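Asks: okay, sequence plus prediction incoming.
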Amino acid sequence: MNCKLHRAALVLALAAGAAMAQDAPPPKSVVCIACHGPAGNSAQPAVPSLAGQSARYIYLQLRDFQEGRRSNEQMSPMAKDLTRDEMRELGAWFALQKPQPQPFTPDAEKARLGKAKADETLCTMCHLGGFMGQNEIPRVAGQGYAYILKQLSDFKARRRTNDAGNMTSVANTLSDADIENLANYLAGL
């Protein structure tokens with residue numbers, strides 16, 4: 001009987017250790033956290049938060065930075081030497097982290113107009129209700145205002161095209177005021 005209890009305790013200890021190891025950040029995350037913030041919650045409005053983003057989206061973006069389909073002076077070199085397994089590990093870990101609210105106060109009128117534009121352009125068909133994202137579609141709710149503004153502007157100007165044309169098509173219909181309004185709305189979620 002005593003042997004059975006020891007075995008059961010050992011199994012539980014090993015299982016707890018494995019669960020804790022899964023919660024531990026991957027070694028490469030130290031570099032990510034320098035810009036994207038502790039547990040992937042960015043304090044920099046121009047740098048996206050990775051916490052709660054889908055693992056698939058993070059993996060695909062890292063791969064796109066590595067292969068030149070997406071370009072950024074900081075991210076492209078960071079992704080250059082990552083293995084596919086490291087990209088998957090980073091995506092999985094950041095996906096498990098809890099997003100924290102950004103310290104941003106939207107302009108109420110611009111946010112109202114942004115919501116109306118989001119409804120008009122059917123943004124939630126891809127980004128889902130609450131703009132929480134899915135699979136390769138990012139969570140944009142609560143991202144930094146400057147980041148959202150830049151991404152929408154880059155899609156419109158075709159400086160960012162790693163989206164199979166979906167966001168480029170939508171962004172082409174947006175005025176600069178629409179982009180500013182959407183950024184106010186989404187950053188305030």
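Replies: Good, I have the coordinates.
Asks: would you confirm that D64 contacts N72?
Replies: No. D64 lies out of contact with N72 (C-beta atoms under 8 Å); the separation is 10.1 Å. Backbone N, C-alpha and C define where each C-beta goes, glycine included.
Asks: between those two, tell me which one has more neighbours.
Replies: D64 (19 against 13; other C-beta atoms under 10 Å).
Asks: quick one: that one from M87, how far?
Replies: Applying C-beta to C-beta, to the nearest Å, the value for D64 to M87 is 10 Å.
Asks: try A141
Replies: With the distance defined as C-beta to C-beta, A141 ends up 24 Å from M87.
Asks: now E109
Replies: 41 Å.
Asks: the more surrounded of the two?
Replies: M87 (22 against 10).
Asks: quick check, pLDDT for that one.
Replies: pLDDT recorded at M87 is 98.
Asks: doesn't Y59 make contact with it?
Replies: Yes. Using C-beta under 8 Å, M87 is in contact with Y59, at 5.0 Å.
Asks: next one: whichever strand or helix holds K110 to chain centre, how far?
Replies: K110 belongs to helix 108-120 when assigned by DSSP states H and E. Centre-to-centre, helix 108-120 and its host chain are 22 Å apart (C-alpha atoms, centre = their mean, to the nearest Å).
Asks: helices and strands around that helix, which ones?
Replies: When contacts are defined as 3 or more C-beta pairs under 8 Å, 6 or more residues apart in numbering; DSSP states H and E, helix 108-120 sits against helix 176-187.
Asks: what helices or strands is the helix it packs on leaning on?
Replies: Helix 176-187 packs on helix 108-120, helix 145-156, going by 3+ C-beta pairs under 8 Å, 6+ apart.
Asks: so which of those is the most packed in?
Replies: helix 145-156 (a mean of 20; mean count of other C-beta atoms under 10 Å).
Asks: give the rounded mean pLDDT of that one.
Replies: Helix 145-156 comes out at a mean pLDDT of 98.
Asks: could you pull out the helices for the chain?
Replies: 2-23, 29-36, 55-67, 75-79, 84-96, 108-120, 124-127, 145-156, 166-171, 176-187 (DSSP state H).
Asks: buried residues, the second one. List them.
Replies: By 16 or more other C-beta atoms under 10 Å, the buried positions in helix 29-36 come out as S29, C32, I33, C35, H36.
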